[in-house]
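In: starting from these lines, generate the structure:
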Amino acid sequence: MSAPLQTAPSSTAAAASLLSPTGAAGVRRQRRPRGWVWVVPALLVLGVFVYLPLLQNLQYSVMKWDIYGGGSSFIGLANYEKLAGDPVFWRALANNVAYAAVSLLCQVFGALLLAALVESMRSERWRRALRAIYFVPSAISLTVAGLLFYFVYEPELGILNAFLRGVGLESLTQAWLGQEGTAIWAVIAMSQWQGFGYSTLLFAIAIQRIPQDLYDAASLDGIGPVRRFLQVTVPLTREMTGLMIIVTLSGAFQVFNEVMVMTSGGPNNSSQVLVSWLYRMGFGRNDFGYAAAIATVIFVLTLGVALVQLAITRKRRVEW
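Out: Model (predicted):
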């Protein structure tokens, strides 16, 4: 007699074995990495390159530290007491506040208004051309822009004084970077020229996300362009506005390149900002403990601004 034939397992049984916890799918599920596997490397990078330096900076701010000689000693809050009585520090802080105020006016509210004007144009060709024109200065590095405006402000051959002479305002010509009353404002003006177009482009992107039906409905209701801007554009771009306020204010308290390229903090420390004074005290006078105290103040200011603005933005989130 022939041996009985062995039948192959049914397809249902095979599928059940594959889908069982011990089957192939179960094995794949068991081998799938957990979420923390992806989070740990990022946390390590942040810890080593962000949070550890912050803690070290706090440590250095309560020490007298000679980085070149290698000596250090604990002095408590003496650096912060010195900071409170340093007139140049308060002058630098005032310059940063002025920089922040002008930047808010130009790079946030002015850029939003200009973006709304550009996006309201009917010609797509003109809209693209204007976006490109306004963005060009942002593609220039701050160092190059600073050198460019250094020659613009040059007293004898500069374009600005030549223009004033040409229109009969020779009495207004002056050494813009060489006088205490005008140096910081000349630096601020250059910075606004360099960053204005980038802010405008970001606001233009935010305005493009607004449904056109809202503008059409407002037009049908007889609402003019000014009210459309105030009642449609401004409310629906407040998330971008909040982000730009955070970025602008944080950048205003970290400005450095423009000042170092154009004035190096002069004349007579009139155009010093917090970061340039930090650099001068640390690398120029080898007082790195005091420089660390200034860095701590900058960190507290920028963190406070960011937290306040994030809290305000979260409460007023736009929902489509």
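In: for the rest of this, base every contact and every neighbour count on C-alpha atoms.
Out: OK.
In: Provide the backbone phi and psi angles at the residue sitting nearest the centre point of the chain.
Out: The C-alpha lying nearest the average C-alpha coordinate of the chain belongs to residue 247 (CA atoms, centre = their mean; 3.2 Å). When read as degrees, to the nearest 10, the backbone of residue 247 gives phi -60, psi -40.
In: relative to residue 278, how far out is it?
Out: Applying CA to CA, to the nearest Å, the value for residue 247 to residue 278 is 21 Å.
In: related to what we said a few turns ago, and the pLDDT at the residue nearest to the centre of the chain?
Out: pLDDT, residue 247: 90.
In: what sits against it?
Out: Contact analysis of residue 247 by CA atoms under 8 Å, 6 or more residues apart in numbering lists nothing.
In: distance check, it against residue 269.
Out: Applying CA to CA to residue 247 and residue 269 gives a distance of 26 Å.
In: what's the answer for residue 140, then?
Out: Computed as CA to CA, the residue 140 to residue 269 distance reads 27 Å.
In: how about the nearest residue to residue 152, chain neighbours excluded?
Out: Spatial nearest neighbour of residue 152, chain neighbours left out: residue 158 (4.5 Å); criterion: CA to CA, 6 or more residues apart in numbering.
In: quick check: phi and psi on the one you found?
Out: phi -70, psi 150.
In: what's the burial count for it?
Out: 15 (other CA atoms under 10 Å).
In: check the one 4 residues further on too.
Out: Using other CA under 10 Å as the criterion, residue 162 is surrounded by 18 other residues.
In: contacts only, for it.
Out: Here residue 162 is in contact with residue 156 (CA under 8 Å, 6+ apart).
In: how much space is there between it and residue 185?
Out: 19 Å.
In: then residue 296?
Out: To residue 185, residue 296 is 26 Å away according to CA to CA.
In: cool, residue 270 as well?
Out: Residue 270 is 10 Å from residue 185, by CA to CA.
In: so those two - more neighbours on which side?
Out: residue 270 (21 against 18).
In: pLDDT below threshold where in the stretch 1-150 of the chain?
Out: 1-33 (pLDDT under 70).
In: swap the cut-off to 50 and go again
Out: 1-11, 14-15, 18-19, 24-25, 27-28 (pLDDT under 50).
In: which neighbouring elements make contact with the biggest helix by length in the chain?
Out: Longest helix in the chain by number of residues (criterion: DSSP state H): helix 288-315. Counting contacts by 3 or more CA pairs under 8 Å, 6 or more residues apart in numbering; DSSP states H and E, helix 288-315 is packed against helix 52-60, strand 63-65, helix 78-84, helix 238-252, helix 274-279.
In: from residue 113, how far off is residue 243?
Out: 16 Å.
In: check residue 179 too.
Out: 33 Å.
In: please apply the same query to residue 175.
Out: 33 Å.
In: ok, residue 141 next?
Out: Distance from residue 141 to residue 113, by CA to CA: 25 Å.
In: okay, these two: which has more neighbours?
Out: Between residue 141 and residue 113, counted using other CA under 10 Å, the more crowded position is residue 113 (17 against 11).
In: give me phi/psi at the more buried one?
Out: The phi/psi pair for residue 113 (degrees, to the nearest 10) reads phi -60, psi -40.
In: cool, residue 68 as well?
Out: Per degrees, to the nearest 10, the backbone of residue 68 is at phi -80, psi -40.
In: so what's it up against?
Out: Residue 68 neighbours (CA under 8 Å, 6+ apart): residue 286.
In: cutoff 10 Å now
Out: 283, 286, 288 (CA atoms under 10 Å, 6 or more residues apart in numbering).
In: select only the buried ones of the residues you listed in ChimeraX?
Out: The ChimeraX selection below is limited to those of the contacts of residue 68 classed as buried (16 or more other CA atoms under 10 Å):
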select :286,288
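In: and for residue 62, the neighbour number?
Out: 20.
In: which non-adjacent residue is nearest it?
Out: That would be residue 76: by CA to CA, 6+ apart, it lies 4.8 Å from residue 62.
In: how many neighbours does the one you found have?
Out: Residue 76, neighbours per other CA under 10 Å, totals 13.
In: check the one 3 residues further on too.
Out: Residue 79 sits with 22 neighbouring residues when counted by other CA under 10 Å.
In: surely it meets residue 294?
Out: Yes - Residue 79 lies in contact with residue 294 (CA atoms under 10 Å); the separation is 8.9 Å.
In: anything in contact with each of the two?
Out: By CA under 10 Å, 6+ apart, the residues touching both residue 79 and residue 294 are 61, 288.
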